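In: Any chance you could fold what I've pasted below:
(one chain, ligands or ions: 1)
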Amino acid sequence: MPVFSLDPVQTAWCAELRELAVGTLRPLAARGEPGRVNRPLLAALAERGLLNRMFTGPPGVSPGGFPGAGGGFANGGGSAVPGEAGRALELCLMRESLAYGCTEAETALALQGLGAWPVARAGTPAQRARWLPEVTAGRAVAAFALSEPGAGSDAAALALRAVPDPRTGRDGWLLTGEKQWISNAPEADFYTVFARTAEGIGSRGITAFLVPADRPGLSGSALEMLSPHPVGRLVFDGTPVTAADVVGEPGRGFRVAMDTLNLFRPSVGAFAVGMAQAALDATLAHTAARTAFGGPLKDLQSVAHQVAEMATRTEAARLLVLSAAAAHDAGDPEVPRRSAMAKLFATETAQYVVDTAVQLHGARALQRGHLLEHLYREVRAPRIYEGASEIQRSVVAKALYARDSAAGRRGSGT
Ligand code: COS
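Out: Numbering: from 1, shown residues only. You can find the predicted model right below:
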């Protein structure tokens, strides 16, 4: 893996996105209702081509990209499997840059990606043609429905049942059960739902379905969470699905979920890095301007060293995120470990950086409406969703031991 650096075009694009986030998207976010989907914000992301770009990758770099010269899904979708060139990196650059200026816009974009990526990656041509142009236009809201009240970290234990529909025989199922803590629920227009089609075989008995929100027997309610975006619960009461709703192959849904998380985990790290950078920059400005004990705070060594530590950890997190993204795009076999490391380190780092920034600002940072008060609330959830930090450590350790045993090596103490 080469040493990582961004080229001038990428650097300029990130600067443009930060400006867009602060100047245009932040005011739109402020007019939204906390806990509700902000459709004008989504429309603004779509208008600037960002939702589309999330799926197509950088212009001209995605050789197997979606058909329609440069048009991606907006021109009607298609059936080609997208090339991976630049995809994860692109997603990370967008998420970090948007998060720096407007976390709500960042999350709205990311959730469209998380909910619709399984369809883009493994869906049928009909599913893709029906939904992806709507998703990238910001008209259809997508959601990824994996977690359940009894299966969060242990995703393979999910219990939402898909039993054969006696009316349609082998070609249909009825979904019965619950999903919980689903971002964008209950307002999404469709859900990528992971359900159990076979008992007793764990992760191999799971199938992914594309379930439009208006299917009979599907209802939802909002949960009040420490999160500005909607999070809800879904109840499936004999909701009918058919073979045409299967995303990928029956019994291969866990793979669809894991592939999606392998792509999105580094980008959760990028979101965290964007927040950490915003907190760091606010701290630099504050500690340079604020005086106490006869001089600016920055002249106190205890303050300066904390700022240096914040900056060093943020930079390390960014490099880990970008190298995991680059590894994903290069088809590196160690993607699960690298993605897990990036998410783990970046989200834990951002928590530390934002917390330290609050400490260095003092009481003003806790005032409702202060940037750091906002970031302090935002920074907590990413350490839990898309695999809690503890799960990421397990993924990393498992991959290390598997690699070690494949190489036939023994630890130094044996
Ligand atoms: N990428 C690709 N494949 C993966 C994978 C990954 N990151 N993680 C697991 N798999 C595959 C394994 O290779 C295995 O495949 P086979 O059946 O072909 O051998 C299968 O999935 C089962 O893997 P494993 O036995 O490791 O499953 P476990 O149940 O022990 O652990 C974890 C799976 C804990 C890693 C998984 O459940 C997980 O990621 N949990 C967190 C879920 C999560 O992120 N929830 C948040 C929802 S979105 S907000």
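In: hang on, isn't Thr168 packed against Asp245?
Out: No - between Thr168 and Asp245 there is no contact under C-beta atoms under 8 Å: 11.5 Å. For glycine as for every other residue, the C-beta is placed from the backbone atoms N, C-alpha and C.
In: Give me the more crowded residue out of those two.
Out: When neighbours are counted by other C-beta atoms under 10 Å, Asp245 comes out ahead of the other of Thr168 and Asp245, with 22 against 14.
In: That one reaches Leu210, doesn't it?
Out: Yes - in this structure, Asp245 sits in contact with Leu210. The criterion is C-beta under 8 Å, and the distance is 5.2 Å.
In: So the chain: which segments form each domain?
Out: Residue ranges for the structural domains of the chain, counted by automatic domain parsing, are given in the record as 8-140, 144-251, 261-412.
In: Check those domains for me: which has the lowest mean pLDDT.
Out: Here the lowest mean pLDDT among the domains of the chain goes to domain 8-140, at a mean of 84.
In: Overlap of the contact sets of Asp245 and Leu210?
Out: Common neighbours of Asp245 and Leu210 are listed as Gln127 (criterion: C-beta atoms under 8 Å, 6 or more residues apart in numbering).
In: For Val37, which non-adjacent residue is spatially closest?
Out: Counting by C-beta to C-beta, 6 or more residues apart in numbering, Glu187 is the residue found nearest to Val37 once chain neighbours are left out, at 4.5 Å.
In: That neighbour touches Asn38, doesn't it?
Out: No - with contacts defined as C-beta under 8 Å, Glu187 does not count as touching Asn38, sitting 10.2 Å away.
In: Neighbour count: these two, which is higher?
Out: For Glu187 and Asn38, the more surrounded residue by other C-beta under 10 Å is Asn38, and the numbers stand at 24 against 17.
In: so who does the more buried one touch?
Out: When contacts are counted by C-beta under 8 Å, 6+ apart, Asn38 touches Leu28, Ala29, Arg31, Gly32, Glu104, Ala108.
In: of all the residues you listed, which comes closest to the ligand?
Out: For the ligand, the closest of those turns out to be Ala108, at 15.5 Å, with distances computed as C-beta to the nearest ligand atom.
In: Torsion angles phi and psi at Ala162?
Out: Dihedral pair for Ala162: phi -110, psi 110, per degrees, to the nearest 10.
In: can you check Leu175 too?
Out: The phi/psi pair for Leu175 (degrees, to the nearest 10) is phi -90, psi 130.
In: What of Leu25?
Out: In this entry, Leu25 is assigned phi and psi values of phi -80, psi -40 (degrees, to the nearest 10).
In: Give me the neighbour count for it.
Out: Neighbour number of Leu25 under other C-beta under 10 Å is 27.
In: now do Leu226
Out: Around Leu226 sit 9 other residues, with neighbours defined as other C-beta under 10 Å.
In: Against the ligand, how distant is Thr260?
Out: For Thr260, the distance to the ligand (C-beta to the nearest ligand atom, to the nearest Å) stands at 9 Å.
In: Can I take it that that residue is in a helix?
Out: Yes - the assignment for Thr260 by DSSP: H, G, I helix; E, B strand; the rest coil puts it in a helix.
In: In terms of helix, strand or coil, where does the residue nearest to Val37 fall?
Out: Glu187 falls in the coil class when you classify it by three-state DSSP.
In: Tell me who's in contact with it.
Out: Residues in contact with Glu187, defined by C-beta under 8 Å, 6+ apart, are Arg36, Val37, Val141, Pro230, Gly232.
In: Please pick the buried ones from those.
Out: Among the contacts of Glu187, those scoring as buried are Val37, Val141, Pro230, Gly232 (criterion: 16 or more other C-beta atoms under 10 Å).
In: for the ligand, what are the nearby residues on this protein?
Out: Residues of the chain lying close to the ligand by C-beta under 6 Å from any ligand atom are 144, 146-147, 153-156, 203-204, 254, 258, 261-262, 336, 385-387, 391, 395.
In: where does Arg393 sit relative to Ala363, distance-wise?
Out: Computed with C-beta to C-beta, to the nearest Å, the distance linking Arg393 and Ala363 is 35 Å.
In: Compare neighbour counts for the two and give me the winner.
Out: Regarding Arg393 and Ala363, a neighbour count based on other C-beta under 10 Å identifies Arg393 as having more, with 14 against 8.
In: Would you confirm that that one contacts Leu344?
Out: Yes - under the criterion of C-beta under 8 Å, Arg393 is in contact with Leu344, at a separation of 6.5 Å.
In: And the furthest pair within the contacts of Asn38?
Out: Taking C-beta to C-beta as the measure, the contacts of Asn38 span a maximum distance of 13.3 Å, between Arg31 and Ala108.
In: Look at the two and report which has more neighbours.
Out: When Arg31 is set against Ala108 and neighbours are counted by other C-beta under 10 Å, the residue ahead is Ala108, at 29 against 9.
In: What strand or helix carries the more buried one?
Out: Under the criterion DSSP states H and E, the helix or strand holding Ala108 is helix 103-122.
In: Check the gap between the spatially closest residue to Arg204 that is not a sequence neighbour and Phe194 for me.
Out: Of all residues not flanking Arg204 in the chain, Gly251 sits nearest, at 5.9 Å (C-beta to C-beta, 6+ apart). Taking C-beta to C-beta as the measure, Gly251 falls 12 Å from Phe194.
In: Overlap of the contact sets of those two?
Out: Both Gly251 and Phe194 are contacted by Ile206, Thr207, under the criterion C-beta under 8 Å, 6+ apart.
In: higher neighbour count, these two?
Out: The residue with more neighbours, out of Gly251 and Phe194, is Phe194; 27 against 16, by other C-beta under 10 Å.
In: is it true that the more buried one touches Arg255?
Out: No - taking contacts as C-beta under 8 Å, Phe194 lies outside contact range of Arg255: 10.7 Å.
In: just the helices in the stretch 151-300 of the chain please.
Out: Using DSSP state H, counting those that start in this stretch, the helices of the stretch 151-300 of the chain run over residues 253-289.
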